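Enquirer: Structural data only, the sequence is not supplied:
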């Protein structure tokens with residue numbers, strides 16, 4: 001394995017967070033009482049337990065950079081988001097230098113999904 005850096009986000013409740021990310025296609029690779037690691041293909045995101053976080057006041061975020069932004073967007077947009085009413089997905093924005101859409105997870109973390117050239 002090569003060296004890497006991964007996003008580290010808070011999780012109020014590991015079970016609920018794991019279910020949300022499974023909804024997006026991630027699997028749980030590791031979980032303890034204080035730490036959880038999820039992956040989807042080459043994507044990796046780690047969570048620390050933060051039970052007192054107010055998701056409406058969260059300022060945590062991560063960037064997901066992908067070569068298949070439209071495919072990822074259409075797949076995720078087609079899911080039943082009513083299962084997670086506190087989570088959100090935006091439309092794709094074409095901002096000149098970047099194309100992106102955003103996901104807000106149940107913990108209030110912002111995931112910016114950005115097209116790689």
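Expert: Alright, I've got the coordinates. Because the structure is a prediction, the values reported are computed rather than measured.

Enquirer: Which residue is the nearest non-sequential neighbour of residue 114?
Expert: residue 100 (4.5 Å; CB to CB, 6 or more residues apart in numbering). C-beta here means a position set from N, CA and C on the backbone, and glycine is covered the same way.

Enquirer: Just the element for that neighbour, please.
Expert: Residue 100 belongs to strand 99-104 when assigned by DSSP states H and E.

Enquirer: Buried residues, that strand. List them.
Expert: Residues of strand 99-104 classed as buried by neighbour count (16 or more other CB atoms under 10 Å): 99-104.

Enquirer: for stretch 87-101, same thing?
Expert: 87, 89, 92, 99-101.

Enquirer: low pLDDT regions in the chain?
Expert: Flagging of the chain using pLDDT under 70 yields the residue ranges 1.

Enquirer: For it, which segments count as strands?
Expert: Using DSSP state E, the strands of the chain run over 7-11, 27-31, 35-40, 43-49, 61-66, 88-89, 93-94, 99-104, 110-115.

Enquirer: And the second one, what does it pack against?
Expert: Put plainly, it is strand 27-31. Applying 3 or more CB pairs under 8 Å, 6 or more residues apart in numbering; DSSP states H and E, we find strand 27-31 packed against helix 14-23, strand 35-40.

Enquirer: Apply 6 Å and report the result again.
Expert: In terms of contacts (3 or more CB pairs under 6 Å, 6 or more residues apart in numbering; DSSP states H and E), strand 27-31 is packed against strand 35-40.

Enquirer: For the residue of the chain most remote from its centre, give me its contacts.
Expert: Each residue of the chain has a distance to the centre, and by CA atoms, centre = their mean the biggest one is for residue 96: 23.6 Å. Shown in contact with residue 96 (CB atoms under 6 Å, 6 or more residues apart in numbering): no residues.
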